[in-house]
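# Got a predicted model here, sequence first, then my questions.
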Amino acid sequence: MSRYSHDTDIGELIRAPTHTLSDGDAINCVARLIDLSTEVRSEAGIKRAFGMLKEINRRSLTPAQQATLHYFRANAWGAKRVIEAKVEPRQWEQPDRQQQILALFMAKNHDGFASLNEIRRCQILTNLGIQFNEVGRFIEAIELWDRALDILPNFAMAHGSRGDGLKYYGLASEDGYDREVLLLAAHRAFVSATAKGALWDSDYPPAFREHFRTGAREIDERLDLAAIASDLDLDSPRLGRSKAEEAYRRWCLGHRLFLNPLNDLGPHPIAASDYLMLPSLRVGLEEAGMPSIIGFYSQMKQEYAFARLLLYEGQPRDYVHFADRRVRLTNTLNYPSFSMATEKMRAAFRLAYSILDKVGYFINSYWRLGTEPHRVGFRSVWYDHTVEKPKLHNRFKDYENWPLHGLFWLSKDLFDDRFQRATNPDAQQIFNIRNHLEHKYLQVHESWASAAIRDPSTDSIGYSISSDDFASKAVRLLKITRAAMIYLPLAVHMEERARRLGSKSDLVVDMPLMSWEDDWKR
């Protein structure tokens, strides 16, 4: 048992000689110091905690201890924000929160995560979801809370936080049906958090339970939940006209890849379509023709759907494609993965990445940022590049748009040479994969032979990766693209609402938009 318990005062913890403690005791000591420093707002305590974390990190820890240390490092960054009163989530740039998200990502992705106990795994997933939600990334947050609930179905903080995220999601939606269904799900999550038998992993203040009760009550007062529930059929319509189509749509639902907010509630057939569109747009009467961004978004949707199909068709098959026959290749003796399926996965990866840059061009055009085209990208569009050191564009200072805020923070999952910090520990690898796909040589090898693959950094031309790892990264990138494609119309909806409220003109002429029918796609 650790000598440092909840009864130990902060002075003793600050003075603790961690170099004399066992690995487990040292980790428990720094964990207690972080908690107590937060409670008493001790700058000296949290400064000492960072020093302890650095010292403990140099030890030969087990994988589980390493994952745990990342979790406590995230807590330390959160404590630093509280102590320094940097807790305003509406700020666009938050370096300490960025470090907190990165540390939680590293804990979640670590090899030792799987060997942690159930509560610790739920804490890591739930806390990362909370941080995402507080910067507008409610889509990714909901999936993390669902993962926590797969581990412990009665984990209270995951249920309650999920209610918060679904509530934000619903209120941001233009579509009335989506809004009602998402708010119904939010109400159920709030109720589950405060139900008898809910598992609270710590002695939380009563304000947490009251917040969740209030959330449920506000939704109950706003909507006829019984009527919404009675009309809701999550299992209709049919997934497709053939077994092949059904299998494809089932795969998309399972990975949450439809451009449909209801897919974030789970793999329900009701969500098996990409019906999300841009909201109604308000343009000046002097502007001729249809706004180009309408066609731009439709084209991005079409490219996204194609990338998703390519990724699905790039899954391993038990047969050789006819187009692979009579294509003579050299056996490089390192178990390469040569096939049409692998090439489809490569193409899906490249296309998904290119869509993100197009999102950047959309933002530059719609929000009238005036950034030179060669400086526009998904990661860079948010910044003013006319100064020596890029800074946040003036258009976004004090700008209230929660989905756009989420889109900004989503962009931090990608690496860019001009912005060295990213919130995703895989960002550099995803960047390298894309760079080698576009300009060099990405070597994909059969996963069963991954032990024979040399260090990817040892070759100036080629970059090596196993087929399983590449598939995982491709799905990850497509999910980032999907989130961007949903946040974007939600952000436009918020901006259009603000423009309508600020308009001095009462003259409005409706221009109906018709859909491009499926039968015309020949």
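Noted; the coordinates are in hand.
# From the contact counts, what lies against the biggest helix by length in the chain?
Scanning the chain for the helix with the most residues, using DSSP state H, yields helix 467-502. Where contact means 3 or more CB pairs under 8 Å, 6 or more residues apart in numbering; DSSP states H and E, helix 467-502 is packed against helix 138-151, helix 156-172, helix 292-313, helix 340-366, helix 402-411, helix 427-439, strand 441-445. Quick note: C-beta positions are derived from backbone N, CA and C, even for glycine.
# Please work out the average pLDDT along it.
The average pLDDT within helix 467-502 is 94.
# Could I get the buried residue list for it?
Taking 16 or more other CB atoms under 10 Å as the basis for neighbour counts, the residues of helix 467-502 that come out buried are 467-471, 473-496.
# Same question for stretch 10-29.
By neighbour count on 16+ other CB under 10 Å, the buried set for stretch 10-29 is Ile10, Leu13, Ile14, Ala16, Thr18, Leu21, Asp25, Ala26, Ile27, Asn28, Cys29.
# wait, isn't Trp145 in contact with Arg162?
Yes. With contact defined as CB atoms under 8 Å, Trp145 counts as touching Arg162 (4.2 Å).
# any shared contact partners between those two?
Between them, Trp145 and Arg162 share the neighbouring residues Gly129, with contact defined by CB atoms under 8 Å, 6 or more residues apart in numbering.
# tally of neighbours for the closest residue to Asp264 other than its chain neighbours?
Take Asp264 and drop its neighbours on the chain: the residue closest to it by CB to CB, 6 or more residues apart in numbering is Ile142, 5.1 Å away. Applying other CB atoms under 10 Å, we find 28 residues neighbouring Ile142.
# Enumerate every residue touching Ile142.
Gly129, Arg162, Gly165, Leu166, Tyr169, Asp264.
# how close does the closest residue to the fourth one other than its chain neighbours get to Ala156?
The shortest distance from Leu166 to any residue that is not its chain neighbour, by CB to CB, 6+ apart, is 3.7 Å, and that residue is Ala186. As judged by CB to CB, to the nearest Å, Ala186 and Ala156 stand 15 Å apart.
# just Thr386 next, same as before
Counting by CB to CB, the gap from Thr386 to Ala156 is 49 Å.
# Who has more neighbours out of these two?
When Thr386 is set against Ala156 and neighbours are counted by other CB under 10 Å, the residue ahead is Ala156, at 24 against 12.
# Measure how buried the residue nearest to the more buried one when sequence neighbours are not counted is and give me the count.
Setting aside the residues directly before and after it, Ala156 is nearest to Ala198 in space (CB to CB, 6+ apart), at 4.1 Å. For Ala198, the number of neighbouring residues by other CB under 10 Å comes to 18.
# correct me, but Ala198 touches Asn154?
Yes. In terms of CB under 8 Å, Ala198 counts as a neighbour of Asn154; the distance is 5.4 Å.
# Setting the sequence-adjacent residues aside, check what's closest to Tyr297.
With CB to CB, 6+ apart as the criterion, Tyr297 has its nearest non-adjacent residue at 5.2 Å, and that residue is Leu278.
# List the contacts of the residue most central in space within the chain.
Compute the mean C-alpha point of the chain, and by CA atoms, centre = their mean the closest residue is Glu140, 3.7 Å away. With contacts defined as CB under 8 Å, 6+ apart, Glu140 is in contact with Gly129, Phe132, Leu410, Lys479, Ala483.
# Nearest to Ala216, out of those: which one, please.
When the contacts of Glu140 are compared for distance to Ala216, the smallest value, 18.9 Å, is given by Gly129; criterion: CB to CB.
# Name the SS class of that closest one, please.
For Gly129, the secondary-structure state derived from DSSP: H, G, I helix; E, B strand; the rest coil is helix.
# residues near it, how many?
28.
# OK, contacts around it?
For Gly129, the set of contacting residues under the criterion of CB under 8 Å, 6+ apart consists of Glu140, Ala141, Ile142, Leu144, Trp145, Ala148, Ala158, Ser161, Arg162, Gly165.
# Now the two most distant members of the residues you listed.
Of all pairs drawn from these, the one with the largest separation by CB to CB is Glu140 and Ala158; the distance is 14.1 Å.
# Per the annotation, how does this structure divide into domains?
What the record gives for the chain is the domain set 10-231, 235-276, 294-322+335-500, from automatic domain parsing.
# Now those domains in a markdown table, please, with extra columns for distance to Arg522.
Rendered in a markdown table, the data for the domains of the chain read as follows (distance: least, CB to CB, whole Å):
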| stretch | distance to Arg522 |
| --- | --- |
| domain 10-231 | 29 |
| domain 235-276 | 17 |
| domain 294-322+335-500 | 14 |
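# Can you say which of those is nearest to Met514?
Of all those, it is domain 294-322+335-500 that lies closest to Met514, at 11.5 Å by CB to CB.
# Where does the prediction get shaky in this protein?
Counting by pLDDT under 70, the chain contains low-confidence residues at 1-8, 86-89, 284-289, 417, 419-420, 449-460, 503-512.
# check contacts around the residue located most distally from the centre of it.
Counting by CA atoms, centre = their mean, the extreme residue of the chain relative to its mean C-alpha position is Arg326, 42.2 Å from that point. Going by CB under 8 Å, 6+ apart, Arg326 touches no other residue.
# Just say helix, strand or coil for it.
Reduced to three states by three-state DSSP, Arg326 is coil.
# How about the backbone phi and psi for it?
Backbone dihedrals for Arg326, given as degrees, to the nearest 10, come out at phi 70, psi 20.
# oh, and call the first residue 734 from now on, that's how I've got it
In the new numbering, first residue 734, that becomes Arg1059.
# how about the helices in the stretch 784-933 of the chain?
Listed in chain order, the helices of the stretch 784-933 of the chain (DSSP state H, counting those that start in this stretch) span residues 796-816, 828-842, 851-867, 871-884, 889-905, 909-926.
# for the first one, packing partners?
Translated: helix 796-816. In terms of contact count using 3+ CB pairs under 8 Å, 6+ apart, helix 796-816 is assigned the packing partners helix 756-773, helix 776-790, helix 828-842, helix 851-867.
# Brilliant, that's me finished.
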